[in-house]
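Student: after the sequence you'll find the predicted model.
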Amino acid sequence: MTNALAKGGNAPLLAGNCKVTLTARQTEIDVCAVLLSQDGKVRSDDDLVFYNHSAQDGVVLDGQSVSADLPVVPGAVDRIVIVASIDPQGSAACFNADNTPQAVIDSGGAQLTFSPPPFVHRETAAVLVELYRRAGGWKVRAVGQGWDTGLAGLATDFGVVVDDDGSAPDAAATGTSGSAGAPMPAISLDKVQRSAPGLVDLYKAAHVSLAKNRVVGQRAAVYLVLDHSGSMGGFYDDGTVQHLAEQALGLSANLDDDGTVPLVFFSHEVDLITDISLGNYQGRVDRLHKVLDWGGTCYAPAMQAVIDHFRASGSSDPAFVIFQTDGDPFDRRETRELLRQASSLPIFWQFVGFGLSRDLRFLRSLDTLGDRTIDNAGYFGAGQHPRRRSDADLYDRLMKEFPDWLVTARAAGVIR
């Protein structure tokens, strides 16, 4: 059952998790949450839960939704306000009668909605609803209060320290220009929204991971190497491999400005060298792999193909290679030797294992291989059901060793 709240109205929330989703017609919005103490102020800047800081004390941002695990929220938090702001890269200058945001509140199977009266004073940010404590429990109130000073003005009113230029904290995370010299993704959020709207959430999730690991602003050519041995059939059929390719594109849009990921299919040999891009990604893996034969598993030919492609590109930026497989290779000696030789090149190999751990013992060993100029490889096992992993988890694991490699590679003169 769904009930509509009027402005100023309130309703009790069931103990447990509450999810608030915000939408606006024909307008891109950014969603955030602010955790407030009894004085109506944040305890610290960490109480702003937004694109570049997506979780705090039981409150988690996931795209257009904010989830609050109410029993986990500390007692010092008296209110949680849920905010919509105009996407600075979008086409709308402000909220108006046609694009006023709306809220849907889900709590314990019950659903509430709130459609505030239209904003008509050039508001660019608004508190839609707030979750607040009352008599030992939690309630939700329909607020509908707007700010014509944007997210920065709203945040300041709640005690968040904004940048000296008046922009919201870490403006680079939302795709704005921010303060002078702020690191930026290679491709803007606006361009991704226009050319590949289905990848926006992946682009944002990748950015969060890059920001956490202080890699925002780094440029790198992202490569994707896909296993096409016979045992991989199920991962292609259920869309897992296609999704990995889309995740690679979301990462690449942050690191490389050409919107294209070189793509290598391999089995016992290199089956195909092509690419996937923001303009052609939908269903591309499925179309490409269906014309290929299944084979065995040899890593070295695919690795050499990446090295040759990278050298031919003349890139002055390093390469980040996502090398996916579900089994150990027949060419173990050749693979070890090639990885050692490649350790003096500006190429980082991130091996991703699908399937059972026992089938990937050799792959794991590459992470600790000796006699290399520098450690140029990382590994993680995605398990038998890689699609069940969140995008955020995948990006965090991809970034586990890459930042340290960048530092080491520069110190060793591998990256110039």
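Tutor: That came in fine, so what should we check first? If you're wondering where the values come from, they're calculated on a predicted model, not measured in any experiment. Numbering: from 1, shown residues only.
Student: ok, for residue 8, nearest residue in space, not its chain neighbours?
Tutor: Residue nearest to residue 8 in three dimensions, not counting chain neighbours: residue 142, with 6.4 Å by CB to CB, 6 or more residues apart in numbering. Bear in mind the C-beta positions are built from the backbone N, C-alpha and C, glycine included.
Student: other SSEs contacting the helix or strand where that neighbour lies?
Tutor: Element membership of residue 142, judged by DSSP states H and E, is strand 137-147. Other elements packing on strand 137-147 under the criterion 3 or more CB pairs under 8 Å, 6 or more residues apart in numbering; DSSP states H and E are strand 10-13, strand 102-107, strand 110-114, strand 125-134, helix 150-157.
Student: now the last one: average pLDDT?
Tutor: This points to helix 150-157. Averaged across helix 150-157, pLDDT comes to 84.
Student: cool, and the second one?
Tutor: The average of the pLDDT scores along strand 102-107 is 94.
Student: please, where are all the strands along the stretch 251-400 of the chain?
Tutor: 260-266, 270-277, 319-325, 347-354, 377-383 (DSSP state E, counting those that start in this stretch).
Student: pull the CA atoms of the first one into PDB?
Tutor: Extracted C-alpha coordinates of strand 260-266, given in PDB (Å, rounded to 0.1, in the frame of the first residue of the first chain):
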ATOM      1  CA  THR A 260      37.400   3.200 -26.100                       C
ATOM      2  CA  VAL A 261      38.800   0.000 -24.500                       C
ATOM      3  CA  PRO A 262      41.000  -2.300 -26.600                       C
ATOM      4  CA  LEU A 263      39.600  -5.800 -26.300                       C
ATOM      5  CA  VAL A 264      41.400  -9.100 -26.700                       C
ATOM      6  CA  PHE A 265      39.600 -12.500 -26.800                       C
ATOM      7  CA  PHE A 266      41.900 -15.500 -26.300                       C
END
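Student: angle of that strand against strand 270-277?
Tutor: Interaxial angle, strand 260-266 versus strand 270-277 (axes from the mean of the first three to the mean of the last three CA atoms, to 10 degrees): 160 degrees.
Student: return the distance of strand 260-266 from the chain's centre.
Tutor: Relative to the centre of its chain, strand 260-266 is centred 21 Å away, using CA atoms, centre = their mean, to the nearest Å.
Student: direction included, what does it pair against?
Tutor: Its sheet considered, strand 260-266 pairs with strand 221-227 (parallel), strand 270-277 (antiparallel) by DSSP bridges.
Student: how about the third one?
Tutor: When pairing is defined by DSSP bridges, strand 319-325 lines up against strand 221-227 (parallel), strand 347-354 (parallel).
Student: circling back: which of the strands of the stretch 251-400 of the chain sits closest to residue 86?
Tutor: Shortest distance between residue 86 and these, using CB to CB, is found for strand 270-277: 28.9 Å.
Student: can you name the residues that contact residue 240?
Tutor: Contact analysis of residue 240 by CB atoms under 8 Å, 6 or more residues apart in numbering lists 354, 386, 387.
Student: now the closest residue in space to the first one that isn't next to it in sequence: how far from residue 275?
Tutor: What that stands for is residue 354. Leaving aside its sequence neighbours, residue 354 sits nearest to residue 326 (CB to CB, 6+ apart; 4.2 Å). Counting by CB to CB, to the nearest Å, the gap from residue 326 to residue 275 is 23 Å.
Student: related to what we said a few turns ago, output the strand holding residue 142 as PDB, nothing but the C-alphas.
Tutor: Output of strand 137-147 as PDB, limited to C-alpha atoms (Å, rounded to 0.1, in the frame of the first residue of the first chain):
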ATOM      1  CA  GLY A 137      11.700   5.500  17.300                       C
ATOM      2  CA  TRP A 138      12.100   7.000  13.800                       C
ATOM      3  CA  LYS A 139       9.700   9.100  11.700                       C
ATOM      4  CA  VAL A 140       9.800  10.600   8.300                       C
ATOM      5  CA  ARG A 141       8.700  14.200   7.500                       C
ATOM      6  CA  ALA A 142       7.900  15.700   4.100                       C
ATOM      7  CA  VAL A 143      10.000  18.900   4.000                       C
ATOM      8  CA  GLY A 144      10.200  20.300   0.400                       C
ATOM      9  CA  GLN A 145      12.500  23.200   1.300                       C
ATOM     10  CA  GLY A 146      14.700  24.600  -1.500                       C
ATOM     11  CA  TRP A 147      18.000  26.600  -1.700                       C
END
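Student: which one of the strands paired with strand 260-266 is the most hemmed in?
Tutor: Of all these, strand 221-227 has the most neighbours on average by mean count of other CB atoms under 10 Å, namely a mean of 25.
Student: which residues are contacting that one?
Tutor: Applying CB under 8 Å, 6+ apart, the external contacts of strand 221-227 come out as 241, 244-245, 248, 251-252, 255-256, 261-267, 276, 285, 289, 297, 302-303, 306, 309-310, 313, 315, 317-327, 354.
Student: switch to 6 Å and redo it
Tutor: Contacts made with strand 221-227 from outside it, assessed by CB atoms under 6 Å, 6 or more residues apart in numbering, are listed as 248, 251-252, 255-256, 261-265, 302, 306, 315, 319-326.
Student: repeat for stretch 110-117
Tutor: Stretch 110-117 is contacted from outside by 2-5, 7, 11, 102-105, 129, 142, 144, using CB under 6 Å, 6+ apart.
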